[in-house]
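Student: Turn this into a structure:
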Amino acid sequence: MVSWLAAKFSTYDTELLRAAAYAASNAAMAAADDAATAATVSNASKDAAAFAAAAFAADTFAAGASVAPTSAATAYTAASIFGTAQEVAAFAADGTAIDGGASPAALAGLPLWPQDTPKWVTKAWADLKRRLLDAGDDWDVWTDWYEARLAGKRPWRRSLEIARATLPDELWEQGPKAVNAEIKRLITAEKAKAAAKRQAPRKDVRSIGDLEPLDIPSPVPFKWQDGVIALGGSALPVLGPRSDQRDLARKMQACREIAKDISAKIAKRRYNCRIEYREHLEGYLQWFPEDDDGNIYLADRHARAVRELLVAELDELPLPFVADMKGFLEQHIGIRPHFPELLEFFESVRTHALPAPLPQDAVDQVRRAIAEATPEVFAPNVGQALDVEGGPPSTVEQPSAAGESGISKIELPPDPIQGLNPESEKAGAIARTLNFLLKVYKQGAEFSKNLEAWEKFGVRVFPYMYIVIQWLQAFLGY
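Tutor: Purely as a prediction, here's the structure:
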């Protein structure tokens, strides 16, 4: 648990990494002892794989949560020799993410098993969970935590996870009953605090100046530029532990050039395909980040729309076109780990259920107000960027029969993000975007070139922004 936490919340490196290295080292030694005394070949195999994983974790976090290539290779080799197909797939998925530059935080946010959970793990966990819950002593604080990690769910409260991992030694020495009771008290207190915040009377929020935006990233950022609110550039891509600036630049350039090449071929009628493919590729190029311009979320939406079209028509499309598109999707999926905020947004969508539909009337009122306040308060590209309604779901029906061959010879690369609930993604993107817009808007007293229009906009949208922020708090469990 401590090792996972140190990777997920790397800003707490100093204290947590020491604990992580200690915990992982103990896990490695314990697994080694178990492997040495295992009575059967199958048990020994599982313990050997566990030892490889634990040893890798110890090396990783003792080195400061940077992934060591030799340790990853060692662990993967051990899993290949001793592990089941699911275990090998799990190591392979981690290795692919690491090679693509994924940060420890992004890796820690993924489901533990990318494919089906091994049967022996499912059986062993069901038995252990039953024994723990039957024992009482608030063991549900740990069973719930572990199942959230299995699913790759986002931690409910960062502060709660830090508190759980940094309980004083004297409390741990009192045994599980005391530790679990304290963790349950912390959880109860956090839930009560969140409930009180949601139920705070509106009388304390009487104007746009009283309305506080949430401190969360937005898929579409904004900034003050030349006295008006304009579309902000994407966060700059970050380097992974096994990539350098030139390698990242080559990956980004490959995404652009492949998209340009396919779009040009479609324009010249080299492929017999829908015009929507070219439209999405051109949209991708319009938004793909370059220097301080572009937006990775909006570019990603176009890439996923392309994949949806391909899935629906795969057996009917010419193979050279599918091959080109496969290369494009592989390149795009490969650069996602370099944009942690994009992955964090998708993780949030995956792990939070809609509390209720996003109030569309409120959203429409804010959009109208933005249109009315353009160009006095907003640059024209703000309204364009707020158009996140379409989303990436398929725009064509799934074919009822296969093509002439009956079997496609080219398989598209799997996309972990593709299975997101489209309603949750759309609502989450809109609410987060408007939340960030509110945050930037409140800086207007210092930056706006037209204070009268700026104040008028605030009065106009206040009741609707309030509704959106309340919905977003419920969506994220605040």
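
Student: So Val366 sits against Val468, correct?
Tutor: Yes - using C-beta atoms under 8 Å, Val366 is in contact with Val468, at 7.1 Å. Using the backbone N, CA and C atoms, a C-beta is placed for each residue, glycine as well.

Student: any shared contact partners between these two?
Tutor: Each of Leu434 lies in contact with both Val366 and Val468 under the rule C-beta atoms under 8 Å, 6 or more residues apart in numbering.

Student: higher neighbour count, the two?
Tutor: Neighbour totals were compared for Val366 and Val468, and Val468 leads with 26 against 21 (other C-beta atoms under 10 Å).

Student: need the contact list for that one.
Tutor: Contacts of Val468 (C-beta under 8 Å, 6+ apart): Leu358, Pro359, Ala362, Val363, Val366, Ala431, Leu434, Asn435.

Student: ok, and the closest non-adjacent residue to it?
Tutor: Leu434 (5.1 Å; C-beta to C-beta, 6 or more residues apart in numbering).

Student: The one you found: neighbouring residues, count only.
Tutor: For Leu434, using other C-beta under 10 Å, the count is 28.

Student: again with Glu455
Tutor: Glu455 has 16 nearby residues by other C-beta under 10 Å.

Student: Phe328 too?
Tutor: 24.

Student: Please apply the same query to Leu298.
Tutor: Leu298: 23 neighbours (other C-beta under 10 Å).

Student: check contacts around Ser218.
Tutor: Ser218 neighbours (C-beta under 8 Å, 6+ apart): Arg432, Thr433, Asn435, Phe436, Leu437.

Student: For the protein, name the helix or strand with the lowest mean pLDDT.
Tutor: Taking mean pLDDT, DSSP states H and E as the measure, the helix or strand of the chain with the lowest value is helix 41-62, at a mean of 40.

Student: what about the stretch 251-400 of the chain, any weak spots by pLDDT?
Tutor: 292, 348-355, 385, 387-400 (pLDDT under 70).

Student: where do the helices sit along the stretch 351-478 of the chain?
Tutor: According to DSSP state H, counting those that start in this stretch, the stretch 351-478 of the chain carries its helices in the segments 360-372, 380-385, 422-441, 444-447, 451-476.

Student: who wins for proximity to Ala312 among these?
Tutor: Closest to Ala312 of the helices of the stretch 351-478 of the chain is helix 422-441 (C-beta to C-beta; 14.7 Å).

Student: by contact count, what packs against that closest one?
Tutor: strand 222-225, strand 228-231, helix 340-351, helix 360-372, helix 451-476 (3 or more C-beta pairs under 8 Å, 6 or more residues apart in numbering; DSSP states H and E).

Student: I'd like those written out as CSV, with distance to Val179 added.
Tutor: Converted to CSV, the helices and strands packed on helix 422-441 look like this (distance: least, C-beta to C-beta, whole Å):
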stretch, distance to Val179
strand 222-225, 45
strand 228-231, 48
helix 340-351, 26
helix 360-372, 44
helix 451-476, 28
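
Student: Packed most tightly, which of those would that be?
Tutor: A comparison of those by mean neighbour count, using mean count of other C-beta atoms under 10 Å, puts strand 228-231 on top with a mean of 22.

Student: Mind listing residues that contact the host helix or strand of Arg246?
Tutor: Assigned by DSSP states H and E, Arg246 belongs to helix 245-267. Helix 245-267 is contacted from outside by 101, 237, 239, 271, 273, 275, 277-278, 281-282, 284-285, 288-290, 321, 324-325, 327-328, 331-332, 334-335, 338, using C-beta under 8 Å, 6+ apart.

Student: Inside helices: which ones of those residues?
Tutor: Counting by DSSP state H, the part of those found in helices is 275, 277-278, 281-282, 284-285, 321, 324-325, 327-328, 331-332, 334-335.

Student: circling back to that earlier point, give me the buried entries from the contacts of helix 245-267.
Tutor: 101, 237, 271, 273, 277-278, 281, 284-285, 288-289, 321, 324-325, 328, 331-332, 334-335, 338 (16 or more other C-beta atoms under 10 Å).

Student: I'm done for today, thanks for sticking with me.
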